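> Turn this into a model:
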Amino acid sequence: MKNIVTHKGGCHCKEIEFEVTGEKDIKVLNCNCSICSMTQYKHYIISKNNFKLLKGSKFITTYKFNTNIAEHIFCSKCGIKSFYIPRSHPNKISVNANCIYSNTIKSIETIEFDGKNWEKAFNNLKENKEKK
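Predicted coordinates:
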């Protein structure tokens, strides 16, 4: 359990701040879908139990599109999406690893995710996870 830390992060203007309990060595998905590629979002997917919003609920705004499953959560002041509810894992939270500003991350393993071909990529991701 010594590899478990509390990562702190938030949006650009720091009106929204959060903390995440997780490992020092993290894995992120690098998605090439229309929204993630434009924003350079790096998905650090965690259990909702490991996420705590510290401040900023009044600055949260949500955007949905396409299937309306993903809840893209933005800061209404600076526009940064530091975390959201992903379509691929609707019972979890995806934190943008780029928005973690504490120095608690030791290493990042990046897994490429073909969001342009979402259904096929998600099935491959599930199959790879089940093999482990």
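> And for Glu17, nearest residue in space, chain neighbours not counted?
Gly10 (3.8 Å; CB to CB, 6 or more residues apart in numbering). For glycine as for every other residue, the C-beta is placed from the backbone atoms N, C-alpha and C.
> neighbours around that neighbour, how many?
A count of neighbours around Gly10, defined by other CB atoms under 10 Å, yields 23.
> is it true that it touches Val20?
No - using CB atoms under 8 Å, Gly10 is not in contact with Val20; the gap is 11.0 Å.
> Give the bridge partners for Cys31, please.
Cys31 has these beta-bridge partners by DSSP bridges: Phe113.
> what's the answer for Ile108, then?
Residues in beta-bridge contact with Ile108 (DSSP bridges): Ile26.
> how near is it to Ile69?
Distance, Ile108 to Ile69, using CB to CB, to the nearest Å: 26 Å.
> These two - which one has more neighbours?
Remark: of Ile108 and Ile69, Ile108 carries more neighbours, 14 against 11, as counted by other CB under 10 Å.
> Was I right to think that one contacts Asn30?
No - counting by CB under 8 Å, Ile108 stays clear of Asn30, with 10.0 Å between them.
> What separation do you get for Ile105 and Val28?
Taken as CB to CB, the span from Ile105 to Val28 is 10 Å.
> Same drill for the two, tell me which one is more crowded.
When neighbours are counted by other CB under 10 Å, Ile105 and Val28 differ, and Val28 comes out ahead with 21 against 17.
> Could I get the contacting residues of the more buried one?
Going by CB atoms under 8 Å, 6 or more residues apart in numbering, Val28 touches Lys42, His43, Tyr44, Ala97, Ile108, Glu109, Thr110, Ile111.
> which among the residues you listed end up buried?
Using 16 or more other CB atoms under 10 Å as the burial test, these include Lys42, His43, Tyr44, Ala97 as buried.
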